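Asker: Need the 3D shape of this:
(chains A, B and C)
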Amino acid sequence: MSSAGKASSAPRIETLRVKTSRRTEWVNITAEVNRRIAASGVSTGTCQLYVPHTTAGITINEGYDPDVARDMEAAFDRLVPRDAGYKHSEGNSDSHIKATMTGCSQSVWIEDGRLRLGRWQAIFFCEFDGPRSREVHLKILPDPAI
Amino acid sequence: MSSAGKASSAPRIETLRVKTSRRTEWVNITAEVNRRIAASGVSTGTCQLYVPHTTAGITINEGYDPDVARDMEAAFDRLVPRDAGYKHSEGNSDSHIKATMTGCSQSVWIEDGRLRLGRWQAIFFCEFDGPRSREVHLKILPDPAI
Amino acid sequence: MSSAGKASSAPRIETLRVKTSRRTEWVNITAEVNRRIAASGVSTGTCQLYVPHTTAGITINEGYDPDVARDMEAAFDRLVPRDAGYKHSEGNSDSHIKATMTGCSQSVWIEDGRLRLGRWQAIFFCEFDGPRSREVHLKILPDPAI
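Answerer: Numbers count the residues shown, from 1 in each chain, chains lettered A, B, ... in the order given. Modelled structure (predicted):
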């Protein structure tokens, strides 16, 4: 593995830690991802984000009014009820279903050393079976200078 | 920024404008994306599409029978009702939830200078809080010739 | 097209065949994808997966307990009923909607010549209008050695 901060080295995978405190909880991780990009020294490229869990996901949505994330948490819990005669014995089938509905990866371009998000966009880690200690992996790929 | 039409330059971001006329409206943007790819001169690679909004998404689905898009618009409106005791005061929490359910990005390979879509597939911009003037960003990445 | 097993050649698209036997059926394709990666000789990079259909999708979720996939199949069928006054005359509008809810592509990193999935994660082809003969395309991209 190459060390951080060398823009000229091959891309490598970094890991963010996310600690959740509720069963369904969306956590805004945008600032931390931007810190990692700044540390990488990559100015233009793509940041790939990957959640290695099966009862959590990742999405991009409004980060300005925290009520939006709360409304989305409630909407997912309403759409996929916790108890619905599931077969899986661990009691978290609803969490698996919600994870598939959001997806486990996102890809955002980097411009001027920062995420090129829309004005109101933020990246949310979506916990659906917390509280837990979770991970989000990220890979920073500079654009080819062809 | 490099100018259009030079396949040998670094990848750059282009912007499509989409004007919607209904609150929920899926717009087929396939032809316009193919025009941009043709103009780029890239023959083999990947076209990344990104929606910078939080109440609109992007998806790939059937473009042959327009009734399919109408059915999907209605299904999303049924799944996530407009009024459901949301906290967010702007009255468009349902639009945010639908945007997360479709996602804000897609990635499609380019072959012979065109999108390599399946036979019935088309790319749809998914408006969930129109009518509005919207943007879709795209980045055209040639395959590395390793 | 270059032949398989040459890590030093340009990336190319391969096709997996998937045969489904039920209308809604999630098929774990992880082992076959890992075989293709091994054959490619690529040690570190990204495996992009693409479903060219409009009534099937692809997702990443738990592959350890098969009950999880069964629960997710049932949940999607419950969320989007087969009959709901759809316009599209082929009687599979629900399948199109489910395909958009899972999405038609996934991207997973390669490390040490294998998919870098989370401990419980597997890749599922999601049939929503079977039984059918289906395809999943994959493109294996080595990391740039910058």
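
Asker: Grab the nearest non-local neighbour of the residue of chain A found nearest chain C.
Answerer: Distances from chain A to chain C, computed as CB to the nearest CB, single out residue A:52 as the nearest residue at 2.8 Å. Backbone N, C-alpha and C define where each C-beta goes, glycine included. The spatial neighbour of residue A:52 that comes closest, neighbours along the chain excluded (CB to CB, 6 or more residues apart in numbering or on different chains), is residue C:118 at 2.8 Å.

Asker: if I've got this straight, the residue of chain A closest to chain C is in a helix?
Answerer: No. Counting by DSSP: H, G, I helix; E, B strand; the rest coil, residue A:52 is not part of a helix but coil.

Asker: so how many other residues sit close to it?
Answerer: Here the neighbour count serves as a burial measure; for residue A:52 (other CB atoms under 10 Å in any protein chain shown) it reads 18.

Asker: before we move on, what about residue A:109?
Answerer: For residue A:109, the number of neighbouring residues by other CB under 10 Å comes to 20.

Asker: That one: what's it in contact with?
Answerer: A:45-47, A:115-116, B:13, B:48, B:50, B:137, B:139 (CB atoms under 8 Å, 6 or more residues apart in numbering or on different chains).

Asker: now residue A:103
Answerer: For residue A:103, the contact set (CB under 8 Å, 6+ apart) comprises A:57-59, B:103, C:59, C:103.

Asker: what do you get for residue A:70?
Answerer: Contact partners of residue A:70, counting by CB under 8 Å, 6+ apart, are residue B:87.

Asker: Pull the strand or helix carrying it out as CSV, backbone CA atoms only.
Answerer: Secondary-structure assignment from DSSP states H and E places residue A:70 in helix A:66-79. C-alpha atoms of helix A:66-79 as CSV (Å, rounded to 0.1, in the frame of the first residue of the first chain):
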residue,chain,number,x,y,z
PRO,A,66,-31.9,17.9,8.7
ASP,A,67,-35.7,17.3,8.6
VAL,A,68,-35.3,15.8,5.1
ALA,A,69,-33.2,13.0,6.4
ARG,A,70,-35.6,12.4,9.3
ASP,A,71,-38.5,12.3,6.8
MET,A,72,-36.6,9.8,4.6
GLU,A,73,-35.8,7.5,7.6
ALA,A,74,-39.5,7.5,8.5
ALA,A,75,-40.6,6.9,4.9
PHE,A,76,-38.3,3.8,4.5
ASP,A,77,-39.6,2.4,7.8
ARG,A,78,-43.2,3.0,6.6
LEU,A,79,-42.6,1.4,3.2
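
Asker: I'd like the mean pLDDT over that helix, please.
Answerer: Average pLDDT, helix A:66-79: 96.

Asker: Adjacent strands (with direction) for the strand ranked longest in chain A?
Answerer: Counting residues, the longest strand in chain A under DSSP state E turns out to be strand A:133-142. When pairs are called by DSSP bridges, strand A:133-142 turns out to pair with strand A:13-19 (antiparallel), strand A:45-50 (antiparallel).

Asker: So which of those strands is the most surrounded?
Answerer: With neighbours defined by mean count of other CB atoms under 10 Å in any protein chain shown, none of the strands paired with strand A:133-142 is more surrounded on average than strand A:45-50, at a mean of 21.

Asker: since we're on residue A:81, how many residues are nearby?
Answerer: Taking other CB under 10 Å as the neighbour definition, residue A:81 ends up with a count of 12.

Asker: How about it, nearest residue that isn't a chain neighbour?
Answerer: Of all residues beyond its chain neighbours, the one nearest residue A:81 is residue A:94 (6.4 Å), with distances taken as CB to CB, 6+ apart.
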